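Novice: Everything below, folded, please.
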Amino acid sequence: MPASGNYQHENADEPDIMSWFPRREDYEDKPAFIPDESYEEKLNRLRETIESAQTSIKEVVDTDNLSFECKIYKVMDTAQDMEDILKLQKVIEDHPDAASQPEAIKKARIGYINLKAYIGQVDCVDFAASIRNEFLFKVGSQEGFNPWLDDAEDRIKIKIDAKPKNFKEGQEFEQKACLLLKDIVKGNKLLKTVQDAAEAIRGNIEVQDEFSKMSERYYVLCKKADGRVKNLQVLLHEWQALDEILAPSFLTHPQDMDDLQPKLFVSFLRCYASFFA
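Specialist: From the prediction side, this is the model:
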C-alpha cells in the first residue's frame, strides 16, 4: 500500500477493512526536466536518430531473419522516428546557428530522404497478409490436410482378409477401390488450399519444405490408390476371360480345349496372387 494513500481503520475489534484513496501524485507521471541541448548536441542527436532509423528499416528490407510481427513493429517505430526527425530538423534549421552548419544540415536532409525511400519499399499490409497466410497454412496443414492424409494412408494400408471368391465379389472389390480413389482425389482441394497459403508466404523455407513433404506424400497416396483400381480391373478382365473358358461346354467336352485355356488359367492365378496374396 502506497505511503501517500489514506488508510482508515475505525476499530481494532472490527473486521480489518482497508480503504485506500489514490491521489493524483500517486499515478501521474511527473515531467522530467533535462538541461537545454547545445546546437551541436541537437545536430548529433538528429544524426544518430537518422542512422538508427536507417539501420532498423534496412534490417526490415534486406533480411529474412525477422518475423513479420517484428518487421511491423520496426516499421511503425521508424515511422514515429521520422515524425521526430522532421520536428528536430525544423528546430535545427530555424536555429540562429543554422548558417554555421550547412553541410550537417544538408547531410541530415539527404539521410531523411534515403530513410523515406527505404520505408517506401515496405508495406505493413503485406506483412499482415503474410501473418494471415502463415496462420492459414498452420491450421490448414496441422488441423486439416495432415490428419486427413494420415487417415487416408491408414485406409489404403488395410490388409484385405476376405478375398473375392467369384467374379461378382471381385466387382464389389473394384467398386470399393474406386470409391477410395474418388475420396483421395477429393483431398486435392484441401491440398490446394494449403498450397495457396504456402505460395503466398515468401521467404519461409520451413513452410516450403513442409508443404513439399505433404505434397509428396499425397502423390504417393494417389499413385497407390490408382494402382489398386487398375490392378483390380486387370484381374477382372482375366477373371472374365477365365469364366468364359471354363464354361459348361468346355467342361462337358474337354476334347475341345486347347493349350490356351491352361495358359489363361495360370495367368489369372498369378494376377490374383499378386493382389490378394
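
Novice: Output the below-cut-off pLDDT ranges for the stretch 1-150 of the chain.
Specialist: Along the stretch 1-150 of the chain, segments meeting pLDDT under 70 span 1-35.

Novice: Spit out the contact partners of T49.
Specialist: 81, 84-85, 88 (Cβ atoms under 8 Å, 6 or more residues apart in numbering). (Each C-beta comes from the backbone N, C-alpha and C, glycine too.)

Novice: Just the closest of these to F173, please.
Specialist: Ranked by distance to F173 (Cβ to Cβ), the contacts of T49 are led by D81 at 70.8 Å.

Novice: thought that closest one was touching S52?
Specialist: Yes - using Cβ atoms under 8 Å, D81 is in contact with S52, at 7.4 Å.

Novice: For these two, indicate the residue with more neighbours.
Specialist: D81 (19 against 13; other Cβ atoms under 10 Å).

Novice: Can you name the element that comes right after the helix or strand containing L179?
Specialist: Here L179 sits within helix 167-200, counting by DSSP states H and E. Using DSSP H and E, the next helix or strand after helix 167-200 towards the C-terminus is helix 205-245.

Novice: Quick one: list the elements packing against that following helix.
Specialist: Helices and strands touching helix 205-245, by 3 or more Cβ pairs under 8 Å, 6 or more residues apart in numbering; DSSP states H and E, are helix 124-139, helix 146-157, helix 167-200, helix 260-276.

Novice: Give me the buried stretch members for the shortest one, please.
Specialist: This means helix 146-157. When burial is assessed from 16 or more other Cβ atoms under 10 Å, helix 146-157 yields the following buried residues: 146, 148-149, 152, 156.

Novice: Could you find which two of the residues you listed are furthest from each other?
Specialist: N146 and I156 (16.0 Å).

Novice: Domain map for the protein?
Specialist: 32-122, 126-276 (automatic domain parsing).

Novice: dump the residue contacts of L236.
Specialist: With Cβ under 8 Å, 6+ apart, L236 has these contacts: 167, 170-171, 174.

Novice: Give the buried residues for the helix or strand where Q54 lies.
Specialist: In this structure, Q54 is located in helix 39-62 according to DSSP H and E. For helix 39-62, burial by neighbour count (16+ other Cβ under 10 Å) applies to 39, 42-43, 46, 49-50, 53-54, 56-57, 60.

Novice: so what's the residue lying closest to L136 once chain neighbours are set aside up against?
Specialist: In space, and not counting its chain neighbours, L136 is closest to A197: 4.2 Å by Cβ to Cβ, 6 or more residues apart in numbering. Contact partners of A197, counting by Cβ under 8 Å, 6+ apart, are 133-134, 136-137, 140.

Novice: now with 6 Å?
Specialist: 133, 136-137 (Cβ atoms under 6 Å, 6 or more residues apart in numbering).

Novice: Neighbour count added to these, as TSV?
Specialist: What follows is the contacts of A197, written out as TSV (neighbours: other Cβ atoms under 10 Å):
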residue	neighbour count
N133	21
L136	18
F137	24
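
Novice: Perfect, I'm done here.
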